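Engineer: need coordinates for the below:
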Amino acid sequence: MKTLIINIKELLQVRDNHIDKVSGHEMAILPKIDNAFLLIEDNLIADFGPMSNCPDIKTNQTIDATGKTVLPTWCDSHTHIVYAGNRIQEFVDRINGLSYEEIANRGGGILNSAKKLNETSEEDIYNQSKVRLEEIMQQGTGAVEIKSGYGLTVEGELKMLRVIKKLATNYPIKIKATFLGAHAFPAEYKENHTAYIDLIINEMLPKIAEEKLADYIDAFLETGYFSIQETEKIMEAGKKYGLIPKIHVNQFTAIGGIKACVKYEALSVNHLEIVTDEDIEALKGSKTMPVALPSCSYFISIPYTPARKMIAAGLPLALATDYNPGTTPSGNMNFVVATACIKMKMTPDEAINAATINGAYAMGISKTHGSITKGKSANIIITKPLSTYYEMAYSFTSNLIDCVFIEGKLI
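Structural biologist: Numbers count the residues shown, from 1 in each chain. The predicted structure is shown next:
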């Protein structure tokens, strides 16, 4: 199966040679070809270049992209889209002045979602979650990480991870699964943290490993949730089963968690609404990708990740949605890219790099996703006619996507 896309106004994120990520000032460089072609063969990118070099070959379909932009699909490296029900009442509670902490103390927040999930069948959770997955694919996401963490029981966590595995089997989108049993302490373990951590390490992890249900391990390293010492214990246990850490950290407070994550070679640290100079120093020269979640900041009115400070320090940065029922009920990466430009003062070039190649790195898939490179998965967005690709951030409420290809197939 060959598909040839011709007369592309702007072909973005073209990389002749493989790179893992971009950092610092390199994030402002988004390589592109004007008046370009792109050849897809089966499910891979076979060739690309200026129209003057377009091959004269027989194809199954030819698409004329006159006036349109083509770029890699978004790589959303932080989501919680497998869940049951919603938390709409908490949305209203926040409007009425309650804080995240106050809602959690009343039995809301993560524990609210856990209660609903444990009362819902695996089939029902799958059917709810696949609707969200299909929506984000239509919005241009071609790879996604999905976390557990709303079970907080052995069976609940296994149920979530089995749903994630079923989604990965039934849909062409690349899915990475993260075990987040350490999302919050269940009410019965509120005064006995050691017992719950023992449950995670001695009961959940062996069963997850036996069924090969997860790629990564996560914890909510935050004041009032999991301490540095508790998170280190969980990271260490996960690594024994081959689960690389990807950690929630610095959402509300900075308590030295980033340094601990780097020490344990976490693939990513996520949220970072609060970032200190010490955090930046810890990240310099590491293999850990900082991941910002601007639509979470937007939805619950907390600070935005200080992108300019981090990029100026030479760090890389990825963007993701944090799609979840409580603090970010949206998986729209187009809004994330626009919000990063509007509120975090990232340039469109930086934001697109952060949502493609750096997002792929934060999922461990940059060798196959995140750029227009020969041999990579043919995951592409074709926009509607644009004056310039900057319009993708400028017209932040408009649907500017014409069509999406995932694994070489129109979805």
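
Engineer: what segments of the stretch 201-350 of the chain are helices?
Structural biologist: Under the criterion DSSP state H, counting those that start in this stretch, helices of the stretch 201-350 of the chain are mapped to 205-211, 228-240, 257-263, 277-283, 294-300, 307-312, 333-344, 348-355.

Engineer: buried residues, the second one. List them.
Structural biologist: Neighbour counts over helix 228-240 (16 or more other Cβ atoms under 10 Å) mark 228, 230, 231, 232, 233, 234, 235, 237, 238 as buried. Every residue, glycine included, has its C-beta placed from N, CA and C.

Engineer: do the first one as well
Structural biologist: Under the neighbour-count criterion of 16+ other Cβ under 10 Å, helix 205-211 has 205, 208, 209 buried.

Engineer: can you pull the contacts of the second one?
Structural biologist: Contacts for residue 208 were tallied using Cβ atoms under 8 Å, 6 or more residues apart in numbering; they are 157, 158, 161, 179, 214, 241.

Engineer: then the first one?
Structural biologist: Listed by Cβ under 8 Å, 6+ apart, the contact set of residue 205 reads 179, 237, 238, 241, 243.

Engineer: and of those residues, the nearest to residue 259?
Structural biologist: For the contacts of residue 205, the minimum distance to residue 259 (Cβ to Cβ) is 18.3 Å, reached by residue 238.

Engineer: coming back round to it: check the helices of the stretch 201-350 of the chain for me and report the most buried one.
Structural biologist: Of all the helices of the stretch 201-350 of the chain, helix 348-355 has the most neighbours on average by mean count of other Cβ atoms under 10 Å, namely a mean of 27.

Engineer: show me what the helix or strand that that one is followed by is packed against.
Structural biologist: Later in the chain than helix 348-355, the nearest helix or strand by DSSP states H and E is helix 357-361. Under the contact definition 3 or more Cβ pairs under 8 Å, 6 or more residues apart in numbering; DSSP states H and E, helix 357-361 sits against strand 74-79, strand 318-319.

Engineer: with mean neighbour count and distance to residue 66 added, can I get these in TSV?
Structural biologist: TSV is the format used below for those (neighbours: other Cβ atoms under 10 Å; distance: least, Cβ to Cβ, whole Å):
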stretch	mean neighbour count	distance to residue 66
strand 74-79	30	24
strand 318-319	30	29
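
Engineer: for residue 67, find the nearest of those strands.
Structural biologist: Comparing these by Cβ to Cβ, strand 74-79 comes nearest, at 21.6 Å.

Engineer: flag every buried residue along the very next helix or strand once past that closest one.
Structural biologist: Per DSSP H and E, the first helix or strand lying C-terminal to strand 74-79 is helix 88-95. Using 16+ other Cβ under 10 Å as the test for burial, helix 88-95 gives 90, 91, 93, 94.

Engineer: of all these, which comes closest to residue 152?
Structural biologist: Among the buried residues of helix 88-95, residue 90 lies closest to residue 152 (Cβ to Cβ), at 17.5 Å.

Engineer: how about the closest one, what does it touch?
Structural biologist: Contacts of residue 90 by Cβ under 8 Å, 6+ apart are 103, 108, 109, 112, 326.

Engineer: tell me which of the residues you listed fall in helices.
Structural biologist: 103, 112 (DSSP state H).

Engineer: specify which member of the contacts of residue 90 is nearest to residue 20.
Structural biologist: Of the contacts of residue 90, the one sitting nearest to residue 20 (Cβ to Cβ) turns out to be residue 326, at 32.5 Å.

Engineer: what does the nearest residue to the closest one once chain neighbours are set aside show for phi and psi?
Structural biologist: Leaving out its chain neighbours, the residue that sits closest to residue 326 by Cβ to Cβ, 6 or more residues apart in numbering is residue 87, at 4.5 Å. Phi and psi for residue 87, reported as degrees, to the nearest 10, are phi -130, psi 50.

Engineer: distance check, residue 87 against residue 161.
Structural biologist: 21 Å (Cβ to Cβ, to the nearest Å).

Engineer: what secondary structure does residue 71 sit in?
Structural biologist: Three-state assignment for residue 71 (DSSP: H, G, I helix; E, B strand; the rest coil): strand.

Engineer: residue 380 is in contact with that one, correct?
Structural biologist: Yes: the criterion here is Cβ atoms under 8 Å, and residue 71 meets it with residue 380 at 6.9 Å.

Engineer: contacting residues for the residue nearest to the spatial centre of the chain?
Structural biologist: A centroid search over the chain (Cα atoms, centre = their mean) returns residue 77, at 2.1 Å, as the residue closest to the centre. Residue 77 sits next to 144-145, 246, 268, 270, 289, 291, 318, 320, 359-360, 362-363 when contact means Cβ under 8 Å, 6+ apart.

Engineer: re earlier: mind checking pLDDT for the residue nearest to residue 326?
Structural biologist: pLDDT for residue 87: 90.

Engineer: isn't it right up against residue 325?
Structural biologist: Yes: at 4.7 Å, residue 87 and residue 325 qualify as touching, with contact defined as Cβ under 8 Å.

Engineer: need the residues touching each of these two.
Structural biologist: What both residue 87 and residue 325 touch, as defined by Cβ under 8 Å, 6+ apart, is the set residue 113.

Engineer: right, and the helices and strands packed on helix 357-361 - which one's nearest residue 410?
Structural biologist: Closest among the helices and strands packed on helix 357-361, using Cβ to Cβ: strand 74-79, at 16.9 Å.

Engineer: what's the neighbour count on the nearest residue to residue 199 once chain neighbours are set aside?
Structural biologist: Leaving aside its chain neighbours, residue 199 sits nearest to residue 154 (7.1 Å; criterion: Cβ to Cβ, 6+ apart). Residue 154 has 15 neighbouring residues, counting by other Cβ atoms under 10 Å.

Engineer: can you give me the strands in the stretch 51-200 of the chain?
Structural biologist: Along the stretch 51-200 of the chain, counting by DSSP state E, counting those that start in this stretch, strands occupy 61-64, 68-72, 74-79, 141-147, 174-182.

Engineer: make TSV out of those strands and add distance to residue 397 and mean pLDDT.
Structural biologist: TSV is the format used below for the strands of the stretch 51-200 of the chain (distance: least, Cβ to Cβ, whole Å; pLDDT from 0 to 100):
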stretch	distance to residue 397	mean pLDDT
strand 61-64	26	95
strand 68-72	18	98
strand 74-79	17	98
strand 141-147	18	98
strand 174-182	28	98
